[in-house]
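1. okay, sequence plus prediction incoming.
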Amino acid sequence: MKKVRSPKDIKVISGRSARNTAPFVGRLGKEKGIEEFCKAITETNEKAIVVGTGKLKKKLEEKYKNISFVGWKKSFEVYKYLEKAKALIFPSLWYETAGLTVLEAQILNVPCIVNSNTAATEFINENVTGKKYQTYNELVNIIKEFDSLKFNFEKNNINKFNYKEYLSKLLKCYERIMN
């Protein structure tokens with residue numbers, strides 16, 4: 001079986017100098033790891049933005065005054081937050097099937113810190129597009145070291161998500177089926 005990744009039509013951004021936040025993007029539910037995210041951000045004194053809404057929003061806003069909670073946003077608005085990100089943190093505690101936000105961040109050359117419990121780890125090329133972690137302490141250590149870590153997106157084929165590449169791969173799949 002051959003994977004054909006769905007395309008994303010957004011502008012690829014280069015340069016990291018103005019990137020200074022660590023966003024969480026998603027529903028604010030316990031299983032999404034939002035509490036661990038907030039705790040780790042607070043422990044490491046990082047600047048963070050939470051994009052999303054859910055049952056825990058009010059509780060988390062009251063407890064973590066150091067984090068900006070901006071609520072639910074449309075896709076084009078989420079990209080604006082990702083453009084300012086030094087890294088996307090994807091702390092889900094349960095098995096996520098993909099983690100589309102991870103792909104969207106990578107298209108923007110934003111490294112991702114991903115919990116190893118999710119299928120989003122398939123999109124992580126260690127030290128090229130991000131880092132994987134298994135424990136809360138590993139997450140904290142990655143965040144603490146983040147400014148000194150180097151990622152090499154040039155080694156990652158970001159163009160694998162564009163429409164031209166998508167259509168080319170899709171046509172090849174159809175050709176194999178027809179032959």
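-> Right, received. Where do you want to start?
2. so who does the closest residue to Ile34 other than its chain neighbours touch?
-> In space, and not counting its chain neighbours, Ile34 is closest to Leu28: 5.0 Å by Cβ to Cβ, 6 or more residues apart in numbering. Every C-beta, even on glycine, is put in place using the N, C-alpha and C of the backbone. The neighbours of Leu28, taking Cβ atoms under 8 Å, 6 or more residues apart in numbering as the test, are Ile34, Val50, Gly52, Thr53, Gly54, Lys55, Leu56, Lys57, Leu60.
3. any of these buried? List them.
-> The neighbour count (16 or more other Cβ atoms under 10 Å) marks Ile34, Val50, Gly52, Thr53, Gly54, Leu56, Lys57, Leu60 as buried among the contacts of Leu28.
4. longest single helix anywhere in this structure?
-> Once the chain is assigned using DSSP state H, the helix that runs over the most residues is helix 163-178.
5. just the CA trace of that helix, in PDB.
-> What follows is helix 163-178, C-alpha atoms only, in PDB (Å, rounded to 0.1, in the frame of the first residue of the first chain):
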ATOM      1  CA  TYR A 163      -0.800  20.000  -4.700                       C
ATOM      2  CA  LYS A 164       1.500  19.300  -7.600                       C
ATOM      3  CA  GLU A 165       3.300  16.500  -5.700                       C
ATOM      4  CA  TYR A 166      -0.100  15.200  -4.400                       C
ATOM      5  CA  LEU A 167      -1.600  14.900  -7.900                       C
ATOM      6  CA  SER A 168       1.600  13.300  -9.300                       C
ATOM      7  CA  LYS A 169       1.500  10.600  -6.600                       C
ATOM      8  CA  LEU A 170      -2.200  10.100  -7.000                       C
ATOM      9  CA  LEU A 171      -1.900   9.600 -10.700                       C
ATOM     10  CA  LYS A 172       0.900   7.100 -10.200                       C
ATOM     11  CA  CYS A 173      -1.400   5.100  -7.800                       C
ATOM     12  CA  TYR A 174      -4.200   5.100 -10.400                       C
ATOM     13  CA  GLU A 175      -1.800   4.000 -13.100                       C
ATOM     14  CA  ARG A 176      -0.700   1.000 -10.900                       C
ATOM     15  CA  ILE A 177      -4.300   0.100 -10.300                       C
ATOM     16  CA  MET A 178      -5.200   0.300 -14.000                       C
END
